[in-house]
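[1] Predicted model and sequence follow; I will ask about them next.
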Amino acid sequence: MNRTRALLKKAAWSLFTILFVIVLNFFLFRVLPGDPARAGIRDPRLKKEAVEMLRVRFGLDKPVINCFESLNPIKVGSCTVNPMETQFFIYARNLLQGELGFSYHTNRPVGDILAERLWNTVLLIGAGQILSIIIGVIFGVFAAWKARTTVDFAAVITSLVAWSLPTFWLAIILLFWGSNNGLPLAGKATPGASSLPFLQQWGDIALHMFLPTLTYTIVYMGEYTLIMRSSLMDVLSEDYILTAKAKGLSAVQILKDHALKNAMLPLVTVIAINLGFTVAGAIQIETVFSWPGLGLSITEAVGRRDFPVLQGAFILIAVAVIIANFLADLTYNYLDPRVETE
Amino acid sequence: MKQKLFYLFVLAALLLSSCGGSAPAAVKVGWAGSPDSLNPGMAILTESYTIFELVYDSMYELNLDGSFTLTLAESVERSDDGLVYTYKIRDGIKWHDGKPLTAEDIAFSYNLYKDTPEYPYMNGYYTPYFETIEATANNEVILTLNEAIPNIESQLVFLYVLPKHIWEGVDKLEYENVEMVGSGPFKMAEYAQNEFIRLTANKEHFATPPKVNEVIFQTFENQDALVQAIKTGQLDMITEMPNTAVETLKNAENVEVVVGSPLAPDVADIIFNQTEDENCPKDDGGVCTGHPALRDRDVRLAMAHATDKQKLIDVILLGLGAPGLTLIPDGLGVWYNDSIKDYEYDVAKANKILDDAGYLDTDGDKIREMPDGSRPLTFRMSWPSDSLTSPRMAEMLSEMWAEIGVTLEMQAVDPDALTALCCPAFDFDMMIWGWGSDPDPSALLYVYTTEAIPTGSSETGYSNPAYDDLYAKQQTALDFNERKDIVWEMQKIVHDDVVYIIPWYAQSTQAFRTDRFTGWITDQAKVELADVTSLTVIEPVK
């Protein structure tokens, strides 16, 4: 009973956080200086009237919110305007209806753009996370079991180096290496591959994924190895492990049945946090390899001041982080029933 | 071990992905951008126009020497008063979906552009002179203007002709036009936004059927990858590269680098805020806080003499540019006045000009003061923070101008914020910025006019009635040579008045593989390998 209540409370907090992000997200971009309708366009052919038309089309001609015409510079306006005629409430209403607005840059619905991109990111991050978790856990277990031997030393050094490599640098090095080995350097598929049979299409995508996934795996595997190692070493020094050893259990049995489950707890936390953030965190990898994911959308949108896309992406990321944390909490309960909220 | 695993993986993926049949003659083009929209009314980026040029036809084709050729029409007649143009459309032209293209489609398209004020470039620039557009039963288009203009070609060249049977049924603003049914030498086959565009040849094109089967444009967000991809043969041509890569690629095997004026030149400018109080557009938000010294031609002239343009080009562009004169770049061909002699780099002369004009350093701090001693020649200098070249340029200018007792307070500013400071607020002293351009000079000549001050197009606040008169005159001079003379005269005036310092006209750098396709057009005044002129004539190397 208690647990259900705690979970409900957590869910309510998550929901509240999301609402807060939605509001913050709106005002964050409205306090930025300048006028997005004319940003990036330096062309004598673009006349004042045309810019005004763009503003109307994007809804930028409306007051930001009751009492404020604009927030940068702060311009006080009428407080009695119909709230549904202000940018904030239009944004809120559209959001409730699941609409994220239109990109200033491409005129396309933001929802469509992000949906295409999200899937690509999930594919890349998913493959990268799974690989780095598997490799990280295996390395970590080996290192902890063989603590203070050459194996351990080698694993720790490799992990530290991998963890501290600058992502974009590693990506570019791998890009140069890959280009000499005939690997594709950009995009997620060969143009025209969509007409190929299913298996060949996936082979093509796998080829395109190779370099970005490898980069991702190297960068994250080190972190997981180190966490797994130190957490497992803590557990292995516990008395009950000594007991297990005394009972004559094999190494595999001790690790599998007694140590690993307890040692997973810190790793789950880190993985959950990473999962949430990596929706955006693959920005560098996606940019170097032109991987059409969310991270790339964000880079492009920042460059073009495409606020609707940025807003949409930020909301998506915030929701992902919050949900990932919520799921991590749930997993704690499973991994360690002692973890009781409150 | 890892090596083995890797090759196993590659082998497996290759087996899965290799397709049976012989590869078609597909030209793989790499670029760093991608179209913003495929709707010809809504698009702004040049990448969009590159694709439109290939997939659509328009009344005229812009050649690489800056001239125009009639394409959709076989002949045109202009009425004596210059107001009515009658185009006889070629018979037998077909849309990619097989339906015939007629005068009806052209009249429909022009009316669409004219009647959609939301299309950013149309009513403001390309269609304001259109009175009526009608199609006759005789497959003719009769275009009536409200004013006789000299440059109908450049007004029509970017008005792509759209199929009426598709466009009359769609929302003209929101239609994304991914199917892109056109009549041009290439057909849209596959579009993945920000990833790639795959075009197939329209071998039945009436004028320029391509010899290759496919052209693929692939977006590379990372320019190092772009360069690496052509080096290793993954791409056949790249439309851009960092200037730092030019030397490497020149030495690469089977790669040829082409350098020249871009088809759509961008002009970099160093802006002086010289707005006089009586011209300050107060009703449009003008605050006009410019330094008074910059209203003095002598100060601007001295700064021009103290600017070593060649050094700027050598250091910042690695030599890939030509010293600039006015906003009309050399890439505009006949319109560019190449007879103007630029101010030579001569620091002693610059110092003498300032001495003679009374700007002296009275307090010995190495900075000159106004003749009345009121303020030093310290100018605020800003540039858009997303510019790669400006920070270096500002730094070098600051060093060069220190030699003549001028100092800069330098600051990179977000482009939005810079627009707010710039125009029509005129709340700055100097800026480094730039313009895109049109094949016709009037777009950039307009920027210098008094009329442009309140609109935000004028960045300098420059006002010269004689120039304004000439601007109006060239707008209606129907005789080509007469108009050319006026346009040249206007460039002379603004150069004499030192309205801007134009540091350079940057060159476009592209490269292609010599072992894949042959016939790229590289000997013209402008370089654009992704233009129809090249893509319709190249053929696979045998």
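    Arrived safely, thanks for sending.
[2] going forward, measure contacts and count neighbours with C-alpha atoms only.
    Noted.
[3] which outside residues touch stretch B:119-127?
    In this structure, residues lying in contact with stretch B:119-127 by CA atoms under 8 Å, 6 or more residues apart in numbering or on different chains are A:45-47, A:49-51, A:53-54, B:41-42, B:44, B:113-114, B:116-117, B:128, B:155-156, B:173.
[4] Kindly recompute the last result at 7 Å.
    Contacts with stretch B:119-127, where a contact means CA atoms under 7 Å, 6 or more residues apart in numbering or on different chains, come from A:R45, A:L46, A:K47, A:A50, B:G41, B:M42, B:Y113, B:K114, B:P117, B:Q155.
[5] and of the residues you listed, the nearest to B:L64?
    Nearest to B:L64 among these is B:Q155, at 17.2 Å by CA to CA.
[6] The closest one: neighbour count?
    20 (other CA atoms under 10 Å in any protein chain shown).
[7] Distance check, it against chain A.
    For B:Q155, the distance to chain A (CA to the nearest CA, to the nearest Å) stands at 11 Å.
[8] For that residue, give me the pLDDT.
    If you check B:Q155, the pLDDT there is 94.
[9] check contacts around it.
    B:Y126.
[10] in what helix or strand does it lie?
    Taking DSSP states H and E as the criterion, B:Q155 maps to helix B:152-156.
[11] Could you list the buried residues of that helix?
    Buried residues in helix B:152-156, counted by 16 or more other CA atoms under 10 Å in any protein chain shown: B:E153, B:S154, B:Q155, B:L156.
[12] ok, these vs chain A, which is closest?
    Nearest to chain A, judged by CA to the nearest CA, of the buried residues of helix B:152-156 is B:Q155 at 11.2 Å.
[13] For B:L199, give the beta-bridge partners.
    Bridge pairing for B:L199 (DSSP bridges) gives the partners B:M188, B:V215.
[14] give me the number of residues near it?
    For B:L199, using other CA under 10 Å, the count is 24.
[15] likewise B:L294?
    Applying other CA under 10 Å, I find that B:L294 has 20 neighbouring residues.
[16] contacting residues around the residue lying closest to it once chain neighbours are set aside?
    Among residues not flanking B:L294 along the chain, B:Q274 sits closest, at 5.6 Å (CA to CA, 6 or more residues apart in numbering or on different chains). Neighbouring residues of B:Q274 by CA under 7 Å, 6+ apart: B:G290, B:L294, B:R295, B:T460, B:G461, B:Y462.
[17] ditto for B:L325
    B:D342, B:H495, B:I502.
[18] what does B:G182 give?
    B:V55, B:Y56, B:W95, B:H96, B:L162, B:P163.
[19] Which one of those residues is nearest to A:T80?
    B:L162 (45.9 Å).
[20] related to what we said a few turns ago, which of the contacts of B:G182 tops the neighbour count?
    B:L162 (27 neighbours).
[21] Can you tell me how far it is from chain A?
    In terms of CA to the nearest CA, B:L162 sits 19 Å off from chain A.
[22] residue ranges with poor pLDDT in the chain?
    With no chain named, the answer covers chain A. Residues of chain A meeting the criterion pLDDT under 70: A:1, A:33-42, A:277-281, A:339-342.
[23] The intended chain is chain B.
    Ranges of chain B meeting pLDDT under 70: B:1-24.
[24] And the residue of the stretch 51-200 of chain A closest to chain B?
    For the stretch 51-200 of chain A, CA to the nearest CA, closest residue to chain B: A:Q200, 4.1 Å.
[25] Going by neighbour count, which residues in the helix or strand that residue falls within are buried?
    Applying DSSP H and E as the criterion places A:Q200 in helix A:198-236. Using 16+ other CA under 10 Å as the burial criterion, the residues of helix A:198-236 that qualify are A:200-233, A:235-236.
[26] do stretch A:113-120 as well
    A:I113, A:L114, A:R117, A:L118, A:N120.
[27] Dump these into TSV; add distance to chain B and secondary structure as well.
    Below are the buried residues of stretch A:113-120 laid out as TSV (distance: CA to the nearest CA, whole Å; DSSP: H, G, I helix; E, B strand; the rest coil):
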residue	distance to chain B	secondary structure
A:I113	9	helix
A:L114	12	helix
A:R117	10	helix
A:L118	14	helix
A:N120	12	helix
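[28] List the contacts of residue 209.
    You didn't pick a chain, so chain A it is. A:L124, A:K188.
[29] my bad, chain B
    So B:P209 contacts B:P185, B:N202, B:K203, B:T536 (CA under 7 Å, 6+ apart).
[30] Can you tell me which of the residues you listed is closest to chain A?
    B:N202 (17.1 Å).
[31] residues touching residue 108, list them.
    Picking chain A for this. Here A:R108 is in contact with A:F102 (CA under 7 Å, 6+ apart).
[32] nope, chain B please
    B:K164.
[33] Near chain A, which residues of the stretch 101-250 of chain B are found?
    Contact residues (CA under 7 Å from any CA of the partner chain) of the stretch 101-250 of chain B with chain A: B:118, B:120-121, B:124-125, B:174, B:195-196, B:198, B:220-222, B:225, B:228-229, B:232.
[34] of the residues you listed, buried ones?
    Of these, these count as buried by 16+ other CA under 10 Å: B:118, B:120-121, B:124-125, B:195-196, B:198, B:220-222, B:225, B:228-229, B:232.
[35] Nearest to B:Y49 among those?
    The nearest one, if we look at those relative to B:Y49 and count by CA to CA, is B:Y121, at 12.6 Å.
[36] For that closest one, what are phi and psi?
    phi -90, psi -10 (degrees, to the nearest 10).
[37] now do B:Y467
    phi -70, psi -40.
[38] you'd agree it is up against B:M490?
    Yes. If you go by CA atoms under 7 Å, B:Y467 and B:M490 touch, sitting 6.3 Å apart.
[39] out of the two, which sits in the busier spot?
    B:M490 (23 against 20).
[40] does that one sit in a helix, a strand or a coil?
    Taking DSSP: H, G, I helix; E, B strand; the rest coil as the rule, one finds B:M490 in the helix state.
[41] Can you give me every residue that contacts it?
    Taking CA under 7 Å, 6+ apart as the test, what B:M490 contacts is B:Y467, B:L470.
[42] What of A:H258?
    A:H258 neighbours (CA under 7 Å, 6+ apart): none.
[43] at 8 Å what do you get?
    A:I241.
[44] who wins for neighbours among the contacts of B:Q274?
    That'd be B:G461 among the contacts of B:Q274, by other CA under 10 Å, with 33 neighbours.
[45] Please identify the helix or strand for that one.
    Going by DSSP H and E, B:G461 is not in any helix or strand.
[46] which residues touch it?
    B:G461 neighbours (CA under 8 Å, 6+ apart): B:N273, B:Q274, B:T275, B:E276, B:N279, B:C280, B:F426, B:Y448, B:T450, B:I453.
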